[in-house]
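*Asks:* any chance you could fold what I've pasted below:
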Amino acid sequence: MTHIRIATRRSPLALWQAEYVSAELQKLDPTVTTELVKIVTKGDKILDVPLAQVGGKGLFTKEIDEALFDGRADIAVHSMKDVPTELPEGTAIRAHPKREDPRDAIATITGGNMDTLPEGAKIGTSSLRRIAQLKSKYPSFEFVSIRGNIQTRLSKLGEEVDAVILAAAGVCRMGMGDKMHQFIDTDLMLPAVAQGTLGIQTRDNDDVINALVDQMNDPETVLRTKAERAFLARLEGGCQVPIAAFATLDGEQLLLKGLVGDVNGETVIAREIEGLAIDGEAMGIALADEILDAGARPILEALYAEQ
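*Replies:* Numbers count the residues shown, from 1 in each chain. Here you go, the predicted structure:
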């Protein structure tokens, strides 16, 4: 019998994700027992400041990494869009289960999509990625920073903001998809890197646990995630930077779209690349280099200097 301690954040969504992984592990091996190790991260503590102003990488993962590293937990469950591209030595993201809906979704006071919102509508989001993309398409919108879990952010609708943007994966996992009025097509707004993807992190030397966790990999999700995260790594980006990427598979072919924007919505540099899925990581690097050469380098340098 194997007992597995699962490190997770304390939010309702994070707990749902950890419970999901727990159930999947027990399907693979009915003798497995689990317990949740609930951890408060720096990103969870600072709710009155936009993430971009907090700065740094690993805002939602550092304390979880420490629990894994010092032996308080055996595995960790993350939303991959929050995970830095560099992990602590001796650990790795071992598995990506099947990806949930990668899109963004919006709840509005009009009950319709963004096109039905009034001029000057207040949009609740703290994501520079969302702001950079939407400002270029809806210049009259005002963006209001809101933080907290899904329920907290939705409670601001009609009181502080006219619309709230959330990751579709989160609201779907929490059974709240009916609260959304528009699932935003990726042609309108590219999602965060690996949005909708879970990552199961383990210690490299835990052979028994690793053999079990390896079985949770979804091959398509793995290929798409590797390409998107290679793009992010080349740009040295984190979840607080206006970087977006989205990979799709058609047989053995992979299409990767990526962009870098400035927070004023004045410049959005978007490109795409297509090739064999097995070359996804090299494609991510090549796409990042193309976007850097097209003008993204000074945008990112200015943003990193502010953090």
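
*Asks:* low-scoring stretches of the chain, by residue?
*Replies:* Applying pLDDT under 70 to the chain flags the ranges 42-60, 238-240, 306-307.

*Asks:* which ones are touching the residue nearest the centre of the chain?
*Replies:* Geometric centre of the chain, nearest residue: Lys81, 2.1 Å, by Cα atoms, centre = their mean. Lys81 makes contact with Ala167, Pro191, Ala192, Val193, Ala194, Gln195, Gly196, Thr197, Cys239, according to Cβ atoms under 8 Å, 6 or more residues apart in numbering. For the C-beta atoms, the positions are set from N, CA and C on the backbone; glycine is no exception.

*Asks:* swap in Ala296?
*Replies:* Applying Cβ under 8 Å, 6+ apart to Ala296 gives the contacts Leu235, Val260, Ile269.

*Asks:* can you give me the helices in the stretch 101-250 of the chain?
*Replies:* Along the stretch 101-250 of the chain, counting by DSSP state H, counting those that start in this stretch, helices occupy 128-137, 150-154, 168-173, 207-213, 219-235.

*Asks:* picking that back up, show me the contacts of Lys81 that map onto strands.
*Replies:* Residues from the contacts of Lys81 lying in strands, with DSSP state E as the criterion: Ala167.

*Asks:* out of the contacts of Lys81, who's nearest Ile131?
*Replies:* Ala192 (12.6 Å; Cβ to Cβ).

*Asks:* before we move on, back to that, wait, which of the helices of the stretch 101-250 of the chain is closest to Glu301?
*Replies:* helix 219-235 (11.1 Å).

*Asks:* got the contact list for that closest one?
*Replies:* With contact meaning Cβ under 8 Å, 6+ apart, helix 219-235 is reached by 80, 85-86, 96-99, 193-194, 197, 199, 241, 243, 245-249, 254, 256, 258, 260, 277-278, 280-285, 287-289, 291-292, 296, 300.

*Asks:* any idea how far Met176 is from Pro191?
*Replies:* 18 Å (Cβ to Cβ, to the nearest Å).

*Asks:* higher neighbour count, these two?
*Replies:* Pro191 (23 against 17; other Cβ atoms under 10 Å).

*Asks:* what's the closest non-adjacent residue to that one?
*Replies:* Setting aside the residues directly before and after it, Pro191 is nearest to Pro102 in space (Cβ to Cβ, 6 or more residues apart in numbering), at 4.8 Å.

*Asks:* ok, Cys172 - how many residues close by?
*Replies:* Cys172, neighbours per other Cβ under 10 Å, totals 17.

*Asks:* ugh, wrong one, I meant Glu272
*Replies:* Every residue meeting other Cβ under 10 Å relative to Glu272 is counted, giving 15.

*Asks:* swap in Arg153?
*Replies:* 21.

*Asks:* just give me the closest of the contacts of Lys81 to Asp29.
*Replies:* The closest of the contacts of Lys81 to Asp29 turns out to be Thr197 (Cβ to Cβ; 23.3 Å).

*Asks:* now the strands for this structure?
*Replies:* Ranges of strands in the chain, per DSSP E, are 3-9, 33-39, 75-79, 91-95, 104-108, 122-124, 142-144, 163-167, 182-184, 198-203, 243-250, 253-261, 268-276.

*Asks:* could you identify which of those strands is most buried?
*Replies:* Of all the strands of the chain, strand 75-79 has the most neighbours on average by mean count of other Cβ atoms under 10 Å, namely a mean of 26.
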